[in-house]
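Engineer: Provided below for reference: sequence and predicted model.
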Amino acid sequence: MIRDISHISRHKFDILVVGGGINGAAIAYLGAENGLSVALIDKGDFASGTSSKSSKLLHGGIRYLENLEFGLVAESLKERYIQYKNAPHLIQPMPFIIPIYTGDPRSAWMVNAGVSIYEFLSGSKKLGERQKFSAQELLQKEPGLNPEGLKGGVLYYDAQMDDARLCLENILMADLRSAKVANYVEALSLVKENKKTAGVVAKDLLTGQIFEIRAKRVICALGPWTEKLFKEDRKYSKQHVRMTKGVHLVYKDSLSKNAIVIQTKSDRRIFFVIPWMGHTLIGTTDTDYQGSLDRVVCEADDLQYLLNETKRIFPNSHIEQKNVITTFAGLRPLVHAEGHPSKVSRKHEIETVASGVIYVMGGKYTTYRKIAEDSLKKFFYLKARLPLEYPLYGSGTPSQSFSEAVVKFGISEEKVHYLWGKYGARYLDVLEMTREDVSLKNEICECSPAIKAQVKYSIDVEMAQNPDDIINRRLGLVYIPCSSGKCKEYIRKCFQG
Ligand SMILES: Cc1cc2nc3c(=O)[nH]c(=O)nc-3n(C[C@H](O)[C@H](O)[C@H](O)COP(=O)(O)OP(=O)(O)OC[C@H]3O[C@@H](n4cnc5c(N)ncnc54)[C@H](O)[C@@H]3O)c2cc1C
């Protein structure tokens, strides 16, 4: 991808998408796919907002059944399946177990009924069969679980994804369909002509250059930052987005083979303990938030809450704070509604204001394709209904089999599988780089299988601008413990030239 600010500042586009999280990325892709000329900007890196801070699940959201949101759950389950079929390298089915304990807020029959309805709503799009376990069977499957008061459990399937890379693949597809995309460009204000919005005043945060971007339509997919530009358009409007904070921690080593759904004692919430990159992702919290949008962090209380609840379910795993590899926190930009944060609907809303700007609010990562479609339909007749085929950058079968690639590039089969898991069919593009410089086949550090070619690919093809773009989002090294720090050192050097 080429970050062509000169082109973006000189041309008038059909649409300008502000925000390169998953919703903006998909709108840009779908718009360009439908023949519109599109520009997309983000004030940070693509997916650096909420779209890399999620629980990394494409899911129907079993707990929304309690709120009787059957439509939202059914739609999400359909989207989950379509995404999985199109991008199996980034999305994998994952078994979830709900252990049931004496005194849990939801009884065994409620949990069983919920899982049955969930499976029914999945219909032919389900990813695996539900199973029921006695306490003894469950302990054989998951020996780390607390046996005290355990009555049994239920297993069902959802899907796990790499949120940052899924977003990036939408951006790469937008670029492939001729959209002009640029990270680190901030929209400072709206440009108005005859009370209509004709573009934005933008700032290139890498050079300081200020310029206008002109477009027939501006679509804002700003996640938690929506209110800022929205207020400029409608000074006296009520609050549209309600922000709730969600915190995750990544714990060293694996606590379970399956994902475990924990019912909390204190507040009837549920949270997940999920296998993630050889370690364990634990989260999330759900609390109202009024602080800085640009500095959302895991506070000591959040961390303690997650560690305490995990200790209760895995008492023999010696859960200790020193084994926390990293924490991350994000904001749910929910359509404003009163009530307990966990009860606020995850449905999306798309609003066109008098000046013509379209604002995307709420939603789940899982339903991003539908959100993109609904946004474009606000002003544009889409050629066809949203197709079930939604190819992403790494979709499809590689032109060479894994075993052919092993011979051709002289690397191990494990390495080929690892690269396919990051780039899908495009893993061959990464390996092609090693033909000019064989040293690029070398691992960057002993902490992960990542090779030097991936760092070059991140910079040359995926528009990484600084080490964090690679460490946090392109390669996900932030989730892996590293004692030597060699990987970060190598990546830093690559930016120094
Ligand atoms: C803790 C947590 C867990 C979640 N887990 C899941 C899950 O497992 N599954 C699921 O389906 N959903 C989940 N969600 C919801 C999902 O992550 C969000 O719905 C989704 O990521 C929102 O994407 P977005 O593109 O709207 O916003 P964002 O990803 O926040 O993107 C908005 C972008 O706009 C940019 N921006 C802001 N202002 C400007 C400006 N002035 N100029 C240019 N750019 C600007 C920002 O830099 C940002 O990149 C979770 C959310 C949270 C918080």
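Structural biologist: Okay, I see it. Numbering: from 1, shown residues only.

Engineer: the ligand contacts on this protein?
Structural biologist: Within the chain, the positions adjacent to the ligand are 18-24, 41-44, 48-51, 53-57, 59, 186-187, 221-225, 246, 284, 330-333, 363-366 by Cβ under 6 Å from any ligand atom. Glycine gets a C-beta too; all of them are placed from N, C-alpha and C.

Engineer: now with 5 Å, please.
Structural biologist: Applying the criterion Cβ under 5 Å from any ligand atom, the portion of the chain that neighbours the ligand consists of 18-19, 21-23, 42-44, 49-51, 54-55, 57, 186-187, 221-223, 225, 246, 284, 330, 332, 363-366.

Engineer: chain center to the helix or strand harbouring residue 136: distance?
Structural biologist: When secondary structure is defined using DSSP states H and E, the element that contains residue 136 is helix 135-141. Going by Cα atoms, centre = their mean, to the nearest Å, the spacing between the C-alpha centre of helix 135-141 and its chain's C-alpha centre is 32 Å.

Engineer: check which helices and strands the helix or strand just after that helix sits against.
Structural biologist: For helix 135-141, the following helix or strand on the C-terminal side (DSSP H and E) is strand 150-161. In this structure, strand 150-161 packs against strand 57-58, helix 70-86, strand 91-101, helix 108-122, strand 131-134, helix 135-141, with contacts taken as 3 or more Cβ pairs under 8 Å, 6 or more residues apart in numbering; DSSP states H and E.

Engineer: strand 150-161: how far from the chain's middle?
Structural biologist: When C-alpha coordinates are averaged (Cα atoms, centre = their mean), strand 150-161 and its chain have centres 21 Å apart.

Engineer: residues of that strand that come out buried?
Structural biologist: The neighbour-count criterion (16 or more other Cβ atoms under 10 Å) identifies 150, 152, 153, 154, 155, 156, 157, 158, 159, 160, 161 as the buried residues of strand 150-161.

Engineer: ok so, going back, for residue 8, which of the helices and strands packed on strand 150-161 is the nearest?
Structural biologist: In this view, the helices and strands packed on strand 150-161 are compared for proximity to residue 8 by Cβ to Cβ, and helix 70-86 is the closest at 28.6 Å.

Engineer: phi and psi next, for the most centrally placed residue in the chain.
Structural biologist: Nearest to the mean C-alpha position of the chain, counting by Cα atoms, centre = their mean, stands residue 163 at 2.7 Å. Summarising the backbone geometry of residue 163 under the convention degrees, to the nearest 10, its torsions are phi -60, psi -40.

Engineer: which ones are touching it?
Structural biologist: Each residue near residue 163 by Cβ atoms under 8 Å, 6 or more residues apart in numbering is listed here: 22, 47, 51, 52, 53, 54, 56, 365.

Engineer: mind running it again at 10 Å?
Structural biologist: For residue 163, the set of contacting residues under the criterion of Cβ atoms under 10 Å, 6 or more residues apart in numbering consists of 21-22, 47, 50-58, 90, 330, 365, 473, 476.

Engineer: filter those to the buried ones?
Structural biologist: Burial of the contacts of residue 163 was assessed by neighbour count (16+ other Cβ under 10 Å); the buried members are 21-22, 47, 50-58, 90, 330, 365, 473, 476.

Engineer: out of the residues you listed, which sit inside helices?
Structural biologist: For these, membership in helices holds for residue 22, with DSSP state H as the criterion.

Engineer: name the nearest residue to the one residue in the stretch 1-150 of the chain that gets nearest to the ligand, ignoring sequence neighbours.
Structural biologist: Of the stretch 1-150 of the chain, the residue with the smallest distance to the ligand, taken as Cβ to the nearest ligand atom, is residue 21 at 2.2 Å. With Cβ to Cβ, 6 or more residues apart in numbering as the criterion, residue 21 has its nearest non-adjacent residue at 3.9 Å, and that residue is residue 51.

Engineer: now do residue 31
Structural biologist: With Cβ to Cβ, 6+ apart as the measure, residue 38 is the residue that lies nearest to residue 31, at 4.6 Å, once sequence neighbours are left out.

Engineer: and the pLDDT at that neighbour?
Structural biologist: The confidence metric pLDDT takes the value 98 at residue 38.

Engineer: now it: how far from residue 22?
Structural biologist: Residue 38 sits 16 Å away from residue 22, going by Cβ to Cβ, to the nearest Å.

Engineer: residue 278 too?
Structural biologist: Relative to residue 22, residue 278 is positioned 25 Å away (Cβ to Cβ).

Engineer: and for residue 31?
Structural biologist: Computed as Cβ to Cβ, the residue 31 to residue 22 distance reads 15 Å.

Engineer: next helix or strand past the worst-scoring helix or strand of the chain on mean pLDDT?
Structural biologist: Ranking every helix and strand in the chain by mean pLDDT, DSSP states H and E puts helix 226-233 at the bottom, with a mean of 78. Towards the C-terminus, the helix or strand next in line after helix 226-233, according to DSSP H and E, is strand 241-251.

Engineer: so what are the sheet partners of that following strand and their directions?
Structural biologist: Based on DSSP bridges, the pairing partners of strand 241-251 within the sheet are strand 279-283 (antiparallel), strand 287-288 (antiparallel), strand 324-335 (antiparallel).

Engineer: show me what the following helix or strand past the last one packs onto, helices and strands only.
Structural biologist: Proceeding N to C from strand 324-335, the next assigned helix or strand is strand 348-352, under DSSP H and E. Helices and strands in packing contact with strand 348-352 are listed as strand 210-220, helix 226-233, strand 324-335, strand 358-362, helix 368-377; criterion 3 or more Cβ pairs under 10 Å, 6 or more residues apart in numbering; DSSP states H and E.

Engineer: quick check: angle from strand 348-352 to helix 368-377?
Structural biologist: Per axes from the mean of the first three to the mean of the last three Cα atoms, to 10 degrees, the angle that strand 348-352 makes with helix 368-377 is 20 degrees.

Engineer: okay, angle between strand 348-352 and strand 358-362 too, please.
Structural biologist: Here strand 348-352 runs at an angle of 160 degrees relative to strand 358-362 (the same axes, to 10 degrees).

Engineer: tell me where the chain is predicted with low confidence.
Structural biologist: Per-residue confidence of the chain (counting by pLDDT under 70) places the weak regions at 235-240, 266, 340-345, 383-387.
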